[in-house]
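Trainee: Sequence first, predicted coordinates after that:
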Amino acid sequence: MKYIDLLNFLNPQHFPIFAIMLYFLGAFFIVLFGKNRIARNCIAFLATGLSLTLLILLVKPIFLDGGIIAYWMGGRIPAGGYAIGIALEVDALGLFFGLLVATAVFVSCLYSFSYMSEDDNEPQYYTLFLMLAGGVLGMVFSGDLFNMFIMVEILTFAAVALTAFRNRVTGALEAAFKYLVVGCIGSTCILAGTILLYQQAHTLNLAQLATIIPNCHGTNVTVAFVLLFIGFCTKAFIVPFHPLAADAHGAAPAPVSVLISGVLTKSGIYGIIRLTFFLFQMMNLGAVQFWLVFLGSVSMFVCVTMALAQHDFKRLLAFHSISQIGYVLTAVGLATALGASAGLYHAMNHTLFKGLLFLCAGAVLHETGTTDLGKLGGLSKKMPWTTVLFLIGAASISGIPPFNGFASKWLIYQATYEKAVETGNIGFAFVTIVALVTSTLTLASFVKVTQSVFFGQLPKECENAKEVSWGMRLAMSILAILCTLTGLFPNAVQKFLTQPAARTMYNVSQYIDGMFQKGYAVQEMGMSAPEAAAVRFETVGVWNPGNWLILLLIALLSICIVAVASKYDAVRQNKSEKVEAKYSLFYGGEPTEFSQVGGGDLFWGFKHNWRHYFSFMHDLHSGIVNDYSLWAVVALALAMVYALIVL
Amino acid sequence: MFKKLIEESTGKSPWLFHINAGSCNGCDIELVSVLTPRYDAERLGFKLAGSPRHADIVVVTGPITAQSLPRVLRSIEQVPDPKCIVTMGSCPQSGNVFRGSYSVAGPLSKYVHVDVDVAGCTPKPEAVIDGLHLATQILQQKRKEMKK
Amino acid sequence: MELILSALKSLAYVLIFPGFLFCFLSGMLLCGIDRKLVARMQKRVGPPILQPFYDFFKLCGKETIVPAAANKVMFLMAPLLGLASLVVLQLFIPVFQYQIPAFAQVADVIVILYLLLIPAVSIILGGASTGSPYAGVGLSREMVTVLACELPLVLVLLSVGKVVGAESDGGICFSMTGIVNYQLAHGSLITHAGLIPAAIAFLLVIPGETGNHPFDAAEAETEICEGMLAEYSGAPLGVFKLNHAIKMLTMTSLFVMLFFGGIGSGLESLVALVGLTGTAARVVGMLLAVLVLFLLCVIVTAVGISFVHAVTARLKIEQIFKYYWTVVSGLALLSLVLVWYGL
């Protein structure tokens, strides 16, 4: 009897809840046994590693076989047509985000072991860290709206606490406070939206709501939609909630930034997708498409220009984070299969490369004690590994072939322009243009970081910097390898990961039926039951990174052979202790002195032309929490007005 | 074959780096006139380079003031081999009218080996071109002797 | 056996034609012709047409000094990376209809737009690795120039994609083969009224993208000692000069293929007129096509690069940016709008 029970435990049916529980149990046990460093690290490693493994084991039944796992807590299956019990439902979309979460959590946990080793209160750190992870995973897998809200609360509070974790750092408490205030506005919106829906439908189960809500028309439902939407926007830091992210990222320790940018924002995106595609099924409305694409494009462009104006490494990355989320939102908002697939692909890539970049920033902070671009420089000679890994991350996010950022951005360009041509709406063509230009602006700001952190001249203060420990390097390398692989094999990634997930977005009835039984959607909704849409993932362009890389390697190799054969590498270098005049830099004849072209105002030629825009933006971002709360309220009001007019 | 090609090319593409070591600007203007349409030294491959790292021929004008001396020497040092040093005008050769001044450290040949002197105050463009041409030939010779 | 043969074949493509050797010879020749033309326009005799070759080989014979502040690996690898990416990029630009089928399915025009960034990034990285402040200023300007050129290029390519894709099922077409085939069937795109502003915009983008005068603020030799190249000497400098020459070839041939691709059909009928068939026709046609392509590149260089060089003075960096984002982008945008509404 016992034996059979054990076998039952190994049923994939139980894996989602195990994965969530592992995080929370880990957090619990760290509180108990966390005083001991080894025990603490073992618990954290086991919790994150095991739940990643469990989720990877789910790939086959869900992605490849197209199944859905519905799990009723305590076996309280719905009775009498009402789903009262707490449910988890894992479809390909949920699992896709779950995998992102688990991967990012695992890698940043690995990184934390050596990165956080010098902080005090380490047990509390891991507790909060695992709480955050568990919160996001729980939200992504949750099958009912109220549990989604609970999990959002857990993750928000864990994130706020983690933001303030290094509270001796200037601005950490302030950032946490801002995050708390505006985050609470968001959470309140979600709660209010949930209440309105419950009042309307008398259920909180997502699948059941999805059968009832699309047939309800009324101000209530519209208001609920707007509230939920804005709530999830705060979680994803979509414009106008972006200043929070910048502050939070700047103050939080690097592995936490990875979670906030790679995981927390994804939970917001996930919420928006669930909301628009599943709960309300209103993505076929032009107004909603316009709304998402508009918000996405604005986030994309505003945040990339804000990033260009930053002179702090982590704040810069934070703004890029929102910019990339803008790409995801735009692509998803196109409401085409290709767009959905491209958006999810970009979401995944964003987790990978932004994680990598934040970890690199953390490595720089760990070694030099600062992330101010004006105070750094020339670290490539001291930290060659970090430099190479950073360059991979930077190339990925700026969309330099053949790394993953390019593969997904390229799909987004295709998707937006295809949509433009299909609908004949030139507006979508402008979205393509914004996306393309944003990508180049991203490159510009990463050129800035490369120049002012890793190249250029080494300031005196940074002379003691050395390469970071192997543990940190391992964590960064995992992400760098993933960045390269997902860039080199875009077809495989699409086929096995993003397309199944995108397909579920266009097959809502499957989600509903998965929770109850087959045919439930048709039985409940009758004629208006959503059908599985015919999805088309064809792209019009061609891009074959594998072949390109082979050609590049052939060319590079043969050029290198020619170069070496003709003594290209026979260089004259400084041999003696002192730098001879011949090997010093050319300063018009003056002796070498320290002069680093810092990151503060590197792209003067660009900024000069946009000076009015930049000064406007500068005035707007006052850094006062009252202003940001006001923005949140104004955004809510505007969204409400828009929705009440057009929906 | 490549060795020969390189030697041939060395004579055909001399890039100049111009250092003003306290010149009255007469020679500087005259050097520029060498590159203008009338004399067009570019037909011989001459080109003004912006950095000593790119240069083959260093053209020094002016009497080498004490202030400029370390800077001149450092810039000459930064030119990659094979290189040629050409003084233009009388000042860097003898000090000209500035000779004996407390602030003049010239002549240049006290400090570095000068390959070609183009005398005159200022030298005619024809003379400059002739001097540069001579420097090119020396350059070619130096390249032949250079061990790679 | 089959595999080795195909490997050798692609090696030949990469190394000889349309790869390294072809790029080297025609790029340098183009650069020499440009210098000669500018000199003639300024009533000078000008350097010999082979001057870039002399410069290159001379630089190969010079010392390579690695500054003490530089990162040696990056300093030496950056030029080679740029060269390799440019050579590979040239493989994807067809020579009228004679494209090598193996490369047709690797990269489309949007990808080419991004591949064009790699040489720019490599020169930026190389410059940054030297640690020179001149390089710092230079790379800032180079990046702004790239930014400036990006917007009009994007607009031009989107307009072309719309026109060419009108008949395909997706409604857009970005593949180079598709663009050339469309032109073979319907005549060159330059004859398409809506695309004439786009063609002019592209022509104006060429000197900016290659960093030619008057858009060479990034490599201004009189102000910032050639910017990113300030610390480069010897062979690496030569390779950067070579990259510049190849980029001229790449941009001009891209222009020819985008807007004059229809000439290929004329070539084919010309070969048929002589009475050649089969393999001989293909070989002769291909040689003729390469020749015509090169001649057209020379003409584009003369109009787009040399003429502009001869009549203008160098612009400041913020003027470059403004010019490209207003005048040139405006032209390209006009084209996109015209094309969109069916002109």
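Mentor: Arrived safely, thanks for sending.

Trainee: Only C-alpha atoms from now on, for both contacts and neighbour counts.
Mentor: OK.

Trainee: For the residue most central in space within chain B, grab phi and psi.
Mentor: Closest to where the C-alpha atoms of chain B average out (C-alpha atoms, centre = their mean) is B:Val59, at 2.1 Å. B:Val59 adopts backbone torsions of phi -100, psi 120, taken as degrees, to the nearest 10.

Trainee: so it makes contact with B:Gly89?
Mentor: No: B:Val59 is not in contact with B:Gly89 according to C-alpha atoms under 8 Å; the separation is 10.1 Å.

Trainee: now stretch C:197-214: mean pLDDT?
Mentor: For stretch C:197-214, mean pLDDT is 88.

Trainee: Does it reach chain A?
Mentor: No: shown here: stretch C:197-214 not in contact with chain A (C-alpha under 8 Å from any C-alpha of the partner chain), separated by at least 13.8 Å.

Trainee: Just give me how far that stretch sits from the chain centre.
Mentor: 10 Å (C-alpha atoms, centre = their mean, to the nearest Å).

Trainee: Also stretch A:91-105?
Mentor: For stretch A:91-105, the distance to the chain centre is 11 Å (C-alpha atoms, centre = their mean).

Trainee: How about stretch A:279-299?
Mentor: 19 Å.

Trainee: can you pull up the bridge partners for the residue nearest to the centre of chain B?
Mentor: B:His18, B:Val86 (DSSP bridges).

Trainee: Just the pLDDT for it.
Mentor: With respect to pLDDT, B:Val59 has a value of 90.

Trainee: show me what contacts it?
Mentor: Taking C-alpha atoms under 8 Å, 6 or more residues apart in numbering or on different chains, we find B:Val59 in contact with B:16-19, B:85-88.

Trainee: Contact residues of chain B facing chain A?
Mentor: Within reach of chain A by C-alpha under 8 Å from any C-alpha, chain B has these residues: B:51-52, B:70-75, B:77-79.

Trainee: Figure out the length between the terminal residues of stretch A:197-212.
Mentor: Stretch A:197-212 has an end-to-end distance of 10 Å (criterion: C-alpha to C-alpha, to the nearest Å).

Trainee: and the host helix or strand of A:Leu155, what other elements does it pack with?
Mentor: Taking DSSP states H and E as the definition, A:Leu155 sits inside helix A:145-163. If you count contacts as 3 or more C-alpha pairs under 8 Å, 6 or more residues apart in numbering or on different chains; DSSP states H and E, helix A:145-163 packs onto helix A:122-141, helix A:172-201, helix A:242-251, helix A:254-259.

Trainee: Turn those into JSON lines, including mean pLDDT.
Mentor: What follows is these, written out as JSON lines (pLDDT from 0 to 100):
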{"stretch": "helix A:122-141", "mean pLDDT": "87"}
{"stretch": "helix A:172-201", "mean pLDDT": "87"}
{"stretch": "helix A:242-251", "mean pLDDT": "80"}
{"stretch": "helix A:254-259", "mean pLDDT": "84"}
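
Trainee: closest to chain B out of those?
Mentor: Across the helices and strands packed on helix A:145-163, chain B has its closest neighbour in helix A:242-251 (40.5 Å, C-alpha to the nearest C-alpha).

Trainee: Show me how far the helix holding A:Leu155 is from its chain's centre.
Mentor: Worked out by C-alpha atoms, centre = their mean, helix A:145-163 lies 16 Å from the chain centre.

Trainee: pLDDT averaged over that helix - what is it?
Mentor: Averaged over helix A:145-163, pLDDT sits at 87.

Trainee: Please write out the alpha-carbon positions of it in CSV.
Mentor: Below are the C-alpha coordinates for helix A:145-163, written out as CSV (Å, rounded to 0.1, in the frame of the first residue of the first chain):
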residue,chain,number,x,y,z
LEU,A,145,-7.8,34.4,-9.7
PHE,A,146,-7.7,34.9,-6.0
ASN,A,147,-4.7,32.7,-5.5
MET,A,148,-3.0,34.6,-8.3
PHE,A,149,-3.6,37.7,-6.1
ILE,A,150,-2.2,36.0,-3.0
MET,A,151,0.9,35.0,-4.9
VAL,A,152,1.3,38.4,-6.3
GLU,A,153,1.2,39.8,-2.8
ILE,A,154,3.8,37.3,-1.6
LEU,A,155,6.1,38.1,-4.4
THR,A,156,5.7,41.8,-4.1
PHE,A,157,6.5,41.8,-0.4
ALA,A,158,9.4,39.5,-0.8
ALA,A,159,10.7,41.7,-3.6
VAL,A,160,10.2,44.9,-1.6
ALA,A,161,12.1,43.3,1.3
LEU,A,162,14.9,42.1,-0.9
THR,A,163,15.1,45.6,-2.6
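
Trainee: now what about that helix, what contacts it?
Mentor: Against helix A:145-163 from outside (C-alpha under 8 Å, 6+ apart): A:86, A:125, A:128-129, A:131-136, A:138-140, A:142, A:172-173, A:175-177, A:179-180, A:183, A:187, A:190-191, A:194, A:204-206, A:248-249, A:251-253, A:256, A:260, A:264.
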